[in-house]
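Student: Sequence and predicted model, in that order:
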Amino acid sequence: MDKNELYPIFLKLHNINVLIVGGGNVGLEKLSFMLKSSPNANVEVVATKFLPELEALVEKHPSVKLTEAKFKKKMLKKRHMVIACTDDLKINKKVYDLARKRYLICNIADTPDLCDYYLGGIVTKGNVKIAISTNGKSPTTAKRLREFFEEVIPEDVNKMVENLNEYRKTLKGNFEEKVQRMNEITEALKNKE
């Protein structure tokens, strides 16, 4: 049986530099997905032309920059992560190869073998965020699971998180005692129906 060995992390995209190569439908999809979760993401999109919808999206997000140009390897300088989603496989592969040489994590759209990471399904309720991965096998399943979790997670979960955070600040004792107390309080969450 296959096992998902991906390691999930939550990136502060306003603190790192992201490059998207491609300004078509897939570029729009990747950027939209990113900005829905991280509206202040620090992103530059490079393409020879941009969809009007992508340009309209960027107008609402001052942290995103559009550069109308062909991709050049110097564009990888001072980046942390890269997404290539042009309709030219040679360009996408070139981006990947150059990114690998610079130790940049890279995602080549619709090409799992050329991906260091996948963009999964995301559920957000205030401070609570759940990322869903199908190991790159089925984005449709991730979408259905996202819809399921959006329905079953109560809207007031954020209030509970904030209340527990305030309570945690009042706890005395060492780290282990605080962890034990928080575990006792949140034990009821496992048994909620």
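Tutor: Nice, I can see it.
Student: The closest residue to Leu145 other than its chain neighbours: neighbouring residues, count only.
Tutor: Distances taken as Cβ to Cβ, 6 or more residues apart in numbering place Ile132 nearest to Leu145, at 5.0 Å, with adjacent residues excluded. No exception for glycine: its C-beta is placed from N, CA and C like everyone else's. Neighbourhood size, Ile132 [other Cβ atoms under 10 Å]: 18.
Student: got the contact list for Ile132?
Tutor: Going by Cβ atoms under 8 Å, 6 or more residues apart in numbering, Ile132 touches Gly120, Gly121, Ile122, Val123, Ala142, Leu145, Arg146, Phe149.
Student: and the last one, what does it touch?
Tutor: Just to be clear, that refers to Phe149. Val123, Ile130, Ile132.
Student: Same check on the fifth one?
Tutor: Contact criterion Cβ under 8 Å, 6+ apart gives Gly120, Gly121, Ile132, Ser133, Thr134 as the residues in contact with Ala142.
Student: who wins for neighbours among these?
Tutor: Ranking the contacts of Ala142 using other Cβ under 10 Å puts Gly121 first, with 21 neighbours.
Student: List the beta-bridge partners for that residue.
Tutor: As for beta bridges, Gly121 partners with Ile132 under DSSP bridges.
Student: In terms of secondary structure, what does the longest helix belonging to the chain contact?
Tutor: Using DSSP state H to define each element, the chain has its longest helix at helix 175-190. Judged by 3 or more Cβ pairs under 8 Å, 6 or more residues apart in numbering; DSSP states H and E, helix 175-190 is in contact with helix 157-170.
Student: residue boundaries of the strands in this protein?
Tutor: Remark: strands assigned in the chain by DSSP state E are 18-21, 43-47, 64-68, 81-84, 105-108, 121-125, 128-132.
Student: residues in contact with the spatially closest residue to Arg181 that is not a sequence neighbour?
Tutor: Excluding the flanking residues, the one nearest Arg181 by Cβ to Cβ, 6+ apart is Leu171, at 5.7 Å. Leu171 sits next to Glu177, Lys178, Arg181, Met182 when contact means Cβ under 8 Å, 6+ apart.
Student: Relative to Asn40, which of these is nearest.
Tutor: Met182 (29.9 Å; Cβ to Cβ).
Student: starting at the chain centroid, how far to the helix or strand of the chain with the lowest mean pLDDT?
Tutor: Taking mean pLDDT, DSSP states H and E as the measure, the chain has helix 175-190 as its least confident helix or strand, at a mean of 83. For helix 175-190, the separation from the chain centroid amounts to 29 Å (computed by Cα atoms, centre = their mean, to the nearest Å).
Student: outside of it, which residues touch it?
Tutor: By Cβ under 8 Å, 6+ apart, helix 175-190 touches Leu164, Tyr167, Arg168, Leu171, Gly173.
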